[in-house]
Structures are given as structure tokens and as C-alpha cells.
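sequence first, then the predicted structure, then my questions.
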Amino acid sequence: MTIEISNIPQKEIITGFKARFVHSAHTTTAFWEVEAGAELPLHSHIHEQISMVTEGQFQMTIDNVTKVFTPGMLVIIPSNIEHSGKALTACKITDVFSPVREDYK
């Protein structure tokens, strides 16, 4: 299957966080466009998450450790670990979740 990312409808999940989602049998991939200053509240979920910043600067606090992520950096967030974030600039971020994020379908 071939998918053109720009053809996937975009959904705003929380204020300032818009994504296009691709779901496979075992994963969900999210292509986020995040507005500068947008904040991701502290949360956790059962999904393992791999996050990669492709544009901009995104500050994340993961398990009480805060770092700024820039293009070329990625982080693996284990299942049920609390994390939050803030876009220091406009950002593009790609996330891969396992298992599938049914709540994003």
C-alpha cells in the first residue's frame, strides 16, 4: 500500500497539535504539525512511543527529566511513563505508537 501523507485528512487532537494518522495492524504513525507555544499536558498511555522531531524545537519532560529535542533527535518513551511537552517553535514531529492508537482512528 502506498500513501501520500498530504492526502490524509488532518485532525486537531488538542489545541495547536494537528496530525495525520496512518494505522497498520500493530502500529499507529502520527505526522504532527505543532504551533509554537502549544503545550502537551502531562499524561501516560499503554502505548510504547517513539518520537522524532523533523522541524523546530520541542521541549519534553519524560519521567521528570526535561530536554529540548531538535531535528535528527528521537526518544523512546516506554509504556505508562508520564510525559509532557511544549513547542518552543513551530514543529513537525513524527510519532510511532505500539500497539495501535484506537483513540486516534
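That came through fine. Numbers count the residues shown, from 1 in each chain.

which residue ranges form the strands in the chain?
Listed from the start of the chain, the chain has strands (DSSP state E) covering 11-14, 17-23, 28-34, 39-43, 48-55, 58-62, 65-69, 74-77, 83-87, 91-98.

which one, of those, ends up nearest to Thr2?
Of all the strands of the chain, strand 17-23 sits nearest to Thr2, with 11.3 Å by CB to CB. (Glycine included, C-beta is placed from N, CA and C.)

turn the strands of the chain into JSON lines, including mean neighbour count.
As requested, these are exported to JSON lines (neighbours: other CB atoms under 10 Å):
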{"stretch": "strand 11-14", "mean neighbour count": "12"}
{"stretch": "strand 17-23", "mean neighbour count": "17"}
{"stretch": "strand 28-34", "mean neighbour count": "21"}
{"stretch": "strand 39-43", "mean neighbour count": "12"}
{"stretch": "strand 48-55", "mean neighbour count": "17"}
{"stretch": "strand 58-62", "mean neighbour count": "18"}
{"stretch": "strand 65-69", "mean neighbour count": "13"}
{"stretch": "strand 74-77", "mean neighbour count": "15"}
{"stretch": "strand 83-87", "mean neighbour count": "20"}
{"stretch": "strand 91-98", "mean neighbour count": "19"}
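
any chance of the ones you listed in a markdown table, plus distance to Thr2 and mean pLDDT?
Compiled in a markdown table, the strands of the chain are given as follows (distance: least, CB to CB, whole Å; pLDDT from 0 to 100):
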| stretch | distance to Thr2 | mean pLDDT |
| --- | --- | --- |
| strand 11-14 | 21 | 96 |
| strand 17-23 | 11 | 98 |
| strand 28-34 | 14 | 98 |
| strand 39-43 | 31 | 98 |
| strand 48-55 | 20 | 98 |
| strand 58-62 | 29 | 98 |
| strand 65-69 | 29 | 98 |
| strand 74-77 | 24 | 97 |
| strand 83-87 | 30 | 98 |
| strand 91-98 | 18 | 98 |
